[in-house]
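Asker: got a sequence here, can you build the structure:
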Amino acid sequence: MNRKINKTRKIKTEHSEAQTTNIGSISWISGPVVKVKGLKHVEMLEMLLVGNLTLPGEVIKVDKEELTVQVYEETGGICPGEPVTRCKYPLSVELGPGLIGTVFDGIQRPLEKLALASGAFLDRGRTLSSIDRDKKWNFKTLVKAGDKVKGGQKLAVCDETPSIKHHVLLHPDLNGVVESVLFEEEKTTVDTVLLTIKDKKNNIHEIRGFHRWPVKIGRPIYKRLAPATPLVTGERIIDTFFPLAKGGTAAIPGGFGTGKTMTQHSLAKWCDADIIVYIGCGERGNEMTQVLQDFPGLKDPRTGRSLMERTILIGNTSNMPVAAREASVYTGITLAEYYRDQGYDVAIMADSTSRWAEAMREISSRLEEMPAEGGFPAYLPARLSQFYERAGLVETINDDIGSVTIIGAVSPPGGDFSEPVTQQTKRFTRCFWGLDKDLAQQRHYPAISWLTSYSDYVDVLKDDWDSQFGPLWSKRRLQALNLLQEESKLSKIVKLVGEDALPAKSRLILFAAKLIRIAFLQQNAFDTTDCFSSPQKQARMLEVLMVWYDDAVKAFNHKVGLTKMVSMKVVSRLWRLKSEIANDDNESFDKLLKQISKEMSALEKGVKHK
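Answerer: Down below sits the predicted model:
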């Protein structure tokens, strides 16, 4: 079958040792930006080794006589006149077994190995292989001599972790016929030649356990599919009110202390993605340290083993060179696309894209470019769109279905959602979980505001939820949201005249909305029962709360007093609903519904007898 594949232009991606055929020299330095003279025929985005320390850098501007390079390490101490060497390839990452469970920096250097080699303070210019060259994997080949193979095809498989099978993929730009299979099933390193392939020009290519790909170019796909499956997070305010689809995009904006990082940690642990890629882009060192300490100790709720067995961490703290922040975002999305191509659902937590934008602003100012709104470069929207558009549910070129879901945190100064990064992010994401400072100060977590948040996936996922929980689910969801919005309007009046001045029906609305806020939306990440709510439990909780409200409205119309209704025995159980009933305990929900009906009927009968 002939298929048109979404492929980008071919580009040299194979690393080799730094080539010295073309050597230039530094002519100008300003922070991470360096200008180089004496190099000819250099391409945009090509990697260079700058100075005597051979600091990695990337070409971002090409003039006739001069190159502008952004350097991914601290440039202090280097001087004009020092040599600059061409690498003749763009910034690329190694893709193969051993990525999961590893902590990388922004340009995919393994931080733990670097620390062992150079101590707590990493040596500048020191590089190590991203993938362990000594570790042996039990590869099992999936093709035989004489088979025709195409780019992206699965050639071999090994167990990367107890829960993840790693498929060795043929480089997307390579097609041909398998010439020979050297290892059918044997434990060996990623550097070992597993098989050879002859292309159309009769060139022989040796296939090892890994290949490389440039981070600025998205990996090719066959077709994009419409996201239609919910990414279950276990957070009730997200799954029920503002859901996210697998292959979708979401933004979590919020000021300092509103819980962006904590929310992303919770999503990383509980969401039903197969693999998590966590990018700490420009975050404070203490926060990133906490991530690196906490994640290895977290248990995967799926397997009961360490969460690191399906997690990749990329750490780039705020005191590291700003140029590496941009690289870390592209490195993370490229690793995610690689596992997507193997048929996995991958979720990326980018914390935060504001720091990435700030890095772009600093580099742009050093290049003396004309600033746009907020001092950010005019190409800020283009960079954000390039990042978020690499999310998606896709049919891969090897006929698998995989997805990349991007959840990006935004840190607007002072919590101002009108600032440029937040506004531009809203253009390219379909889910917006706005964090509210007032909710955070009230210790209401997750502090996602139901008044400012929205999700464009509600209509897409409605049929999926309705098919599981019945058509009343959508009606109850809207009813709950309307109650919360009505509470917001009434609260303004309460501040002026007090709650007692309101009519009884308005006070019933306020009480029902408070019940939804505390009993449903507020969630305790440290409570073993409440930390994760299954979709089934969320639907049953919403059903119980809305049935109580509907019955309360009927009882109110039958002249039952509000004080009696809020004093019902079952109401005290509703407050504790989230922490007392387990995810699979449907029987307890059925009993609650019967108890609500029984107590409401008793109240109405009491009024009639009077």
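
Asker: got the contact list for the residue lying closest to M308 once chain neighbours are set aside?
Answerer: Of all residues not flanking M308 in the chain, G101 sits nearest, at 4.7 Å (Cβ to Cβ, 6 or more residues apart in numbering). Backbone N, C-alpha and C define where each C-beta goes, glycine included. The neighbourhood of G101, defined by Cβ atoms under 8 Å, 6 or more residues apart in numbering, consists of 161, 308-309, 311-312.

Asker: which of these lies closest to H211?
Answerer: Closest to H211 out of these is I312 (17.3 Å), distances taken as Cβ to Cβ.

Asker: just the C-alphas of the helix or strand where that closest one lies, formatted as CSV.
Answerer: Assigned by DSSP states H and E, I312 belongs to strand 311-317. Extracted in CSV, the C-alpha atoms of strand 311-317 (Å, rounded to 0.1, in the frame of the first residue of the first chain):
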residue,chain,number,x,y,z
THR,A,311,9.8,8.2,33.8
ILE,A,312,12.5,10.4,32.1
LEU,A,313,13.7,13.5,34.0
ILE,A,314,15.3,16.5,32.3
GLY,A,315,16.7,19.0,34.8
ASN,A,316,17.7,22.5,33.8
THR,A,317,17.6,24.9,36.8
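
Asker: in it, what's buried?
Answerer: Neighbour-count burial for strand 311-317, counted by 16 or more other Cβ atoms under 10 Å, picks out 311-317.

Asker: circling back to that earlier point, would JSON lines of the contacts of G101 with pLDDT and distance to L380 be doable?
Answerer: JSON lines is the format used below for the contacts of G101 (pLDDT from 0 to 100; distance: Cβ to Cβ, whole Å):
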{"residue": "T161", "pLDDT": "92", "distance to L380": "37"}
{"residue": "M308", "pLDDT": "87", "distance to L380": "34"}
{"residue": "E309", "pLDDT": "89", "distance to L380": "37"}
{"residue": "T311", "pLDDT": "92", "distance to L380": "29"}
{"residue": "I312", "pLDDT": "94", "distance to L380": "27"}
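
Asker: would you list those in TSV and tack on distance to E179?
Answerer: Putting the contacts of G101 into TSV (distance: Cβ to Cβ, whole Å) gives the following:
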residue	distance to E179
T161	32
M308	38
E309	35
T311	37
I312	33
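
Asker: and the helix or strand harbouring L515, which residues are buried?
Answerer: Counting by DSSP H and E, the element that carries L515 is helix 504-515. By neighbour count with 16+ other Cβ under 10 Å, helix 504-515 contains the buried residues 506-513, 515.

Asker: and for it, what's in contact with it?
Answerer: 483-484, 486-487, 490-491, 494, 499, 502, 545, 548-549, 552-553, 556, 561-562, 565-566, 571, 574-575.

Asker: pull out the buried residues from the helix or strand just after it.
Answerer: Proceeding N to C from helix 504-515, the next assigned helix or strand is helix 535-557, under DSSP H and E. Buried residues in helix 535-557, counted by 16+ other Cβ under 10 Å: 535, 537-549, 551-552, 555.

Asker: strands of the stretch 251-400 of the chain, start to end?
Answerer: Secondary structure of the stretch 251-400 of the chain (DSSP state E, counting those that start in this stretch): strands located at 275-283, 311-317, 345-351, 392-395.

Asker: and the last one, what does it pack against?
Answerer: I take that to be strand 392-395. strand 223-225, strand 401-410 (3 or more Cβ pairs under 8 Å, 6 or more residues apart in numbering; DSSP states H and E).

Asker: next: the longest one.
Answerer: Contacts defined by 3+ Cβ pairs under 8 Å, 6+ apart place strand 275-283 against helix 260-270, helix 285-294, strand 311-317, helix 323-340, strand 345-351, helix 353-366.

Asker: at 10 Å instead, please
Answerer: Packing partners of strand 275-283 (3 or more Cβ pairs under 10 Å, 6 or more residues apart in numbering; DSSP states H and E): strand 103-104, helix 260-270, helix 285-294, strand 311-317, helix 323-340, strand 345-351, helix 353-366, strand 401-410.

Asker: I'd like to know which of these is closest to P97.
Answerer: Set against P97 and scored by Cβ to Cβ, the helices and strands packed on strand 275-283 come closest in helix 323-340, at 11.1 Å.

Asker: can I get the helix holding L515 in CSV, CA atoms only?
Answerer: What follows is helix 504-515, C-alpha atoms only, in CSV (Å, rounded to 0.1, in the frame of the first residue of the first chain):
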residue,chain,number,x,y,z
ALA,A,504,-33.7,30.6,51.6
LYS,A,505,-33.4,29.3,48.0
SER,A,506,-30.3,31.3,47.5
ARG,A,507,-28.8,30.0,50.7
LEU,A,508,-29.6,26.5,49.5
ILE,A,509,-27.6,27.2,46.4
LEU,A,510,-24.7,28.5,48.5
PHE,A,511,-24.7,25.4,50.6
ALA,A,512,-24.9,23.1,47.6
ALA,A,513,-22.0,24.9,45.9
LYS,A,514,-19.9,24.7,49.1
LEU,A,515,-20.6,21.0,49.3
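
Asker: just want the angle from the lowest-mean-pLDDT helix or strand in the chain to helix 260-270.
Answerer: Every helix and strand of the chain was ranked by mean pLDDT, DSSP states H and E. The lowest is helix 285-294, at a mean of 74. Helix 285-294 and helix 260-270 meet at an angle of 20 degrees, taking axes from the mean of the first three to the mean of the last three Cα atoms, to 10 degrees as the criterion.

Asker: in helix 285-294, what counts as buried?
Answerer: Per 16+ other Cβ under 10 Å, helix 285-294 contains these buried residues: 288, 291-292.

Asker: ok, which pair from the buried residues of helix 504-515 is furthest apart?
Answerer: S506 and L515 (15.1 Å).

Asker: tabulate the strands of the stretch 251-400 of the chain (a markdown table), appending distance to C531.
Answerer: Shown next, in a markdown table, are the strands of the stretch 251-400 of the chain (distance: least, Cβ to Cβ, whole Å):
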| stretch | distance to C531 |
| --- | --- |
| strand 275-283 | 17 |
| strand 311-317 | 18 |
| strand 345-351 | 17 |
| strand 392-395 | 28 |
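
Asker: to V232, which of the ones you listed lies closest?
Answerer: Of all those, strand 345-351 comes closest under Cβ to Cβ, at 10.9 Å.
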